[in-house]
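J.: here you go, sequence then predicted model.
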Amino acid sequence: MKRILISTAACAASLLSTSAMAAATEAKPLSTQTQTNLEAAMHGEAYANLKYLRYADQAEAAGKPELARLFRESANIEANEHFDREAQALQLGGANSANLEDAMAGEHYENVTMYINFASQAEADGDTRVAAMFRQIAIDEGTHYDSYKAALAKLSPR
Ligand SMILES: [Fe+2]
Ligand SMILES: [Fe+2]
């Protein structure tokens, strides 16, 4: 265990120096394709994080604590190293008002377009339970949108 911790620390140190070097040499804005790839990579890392945490719970429930630990360790790297480094490279986020507007755009899309279309498709295919779930989640996203909108109004009274 100790050996693993030491190698992780050494690895993190080398990653730090690598990213510092990259930051020093990459003053130009990222290409559109690089930004697109970072977005795609971040979606994958975020998905892997939550998927591995679920796998860890299943391993735990099946009486396999070592396997659960393996999944949790990987999940942690996906989120707190890979996603985090990619988010920094993309310079994800910024001012609270811009973050709220970005969040609102995502929630609005999910609320009025994505989940509604998914529900319609599932209904057409006879997947009625999933369709009902999509419609419920669509409503949640509308609530998130409203909360962000209210927070934005409080943040910058117009
Ligand atoms: Fe990863
Ligand atoms: Fe949401």
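T.: Yep, it's here. Ligands and ions are numbered 1, 2, ... in the order given.

J.: look up the closest residue to the spatially most central residue of the chain, ignoring the ones flanking it.
T.: For the chain, the residue nearest the mean C-alpha position is Ala46 (3.9 Å; Cα atoms, centre = their mean). Spatial nearest neighbour of Ala46, chain neighbours left out: Phe83 (5.8 Å); criterion: Cβ to Cβ, 6 or more residues apart in numbering. All C-beta atoms are positioned from the backbone trio N, CA, C, and that covers glycine.

J.: please name the residues that touch the one you found.
T.: Met42, Glu45, Ala46, Asn49 (Cβ atoms under 8 Å, 6 or more residues apart in numbering).

J.: which parts of this protein belong to which domain?
T.: 32-92, 94-152 (automatic domain parsing).

J.: how about the first one, does it get close to ligand 1?
T.: Read it as domain 32-92. Yes - Domain 32-92 reaches ligand 1 (Cβ under 5 Å from the ion) through Glu45, Glu78, His82.

J.: then stretch 131-140 to PDB, C-alphas only?
T.: C-alpha atoms of stretch 131-140 as PDB (Å, rounded to 0.1, in the frame of the first residue of the first chain):
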ATOM      1  CA  ALA A 131     -40.400   7.000 -21.100                       C
ATOM      2  CA  ALA A 132     -42.100   7.900 -17.800                       C
ATOM      3  CA  MET A 133     -38.700   8.200 -16.100                       C
ATOM      4  CA  PHE A 134     -37.400  10.500 -18.900                       C
ATOM      5  CA  ARG A 135     -40.500  12.700 -18.400                       C
ATOM      6  CA  GLN A 136     -39.900  12.900 -14.600                       C
ATOM      7  CA  ILE A 137     -36.300  13.800 -15.100                       C
ATOM      8  CA  ALA A 138     -37.200  16.400 -17.600                       C
ATOM      9  CA  ILE A 139     -39.300  18.100 -14.900                       C
ATOM     10  CA  ASP A 140     -36.300  17.900 -12.500                       C
END
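
J.: is ligand 2 contacted by it?
T.: No - using Cβ under 5 Å from the ion, stretch 131-140 never reaches ligand 2; the gap is at least 6.2 Å.

J.: list the buried residues of that stretch.
T.: Within stretch 131-140, the residues that count as buried by 16 or more other Cβ atoms under 10 Å are Ala131, Phe134, Arg135, Ile137, Ala138.

J.: which ones among the residues you listed lie within helices?
T.: Within the buried residues of stretch 131-140, residues falling in helices by DSSP state H are Ala131, Phe134, Arg135, Ile137, Ala138.
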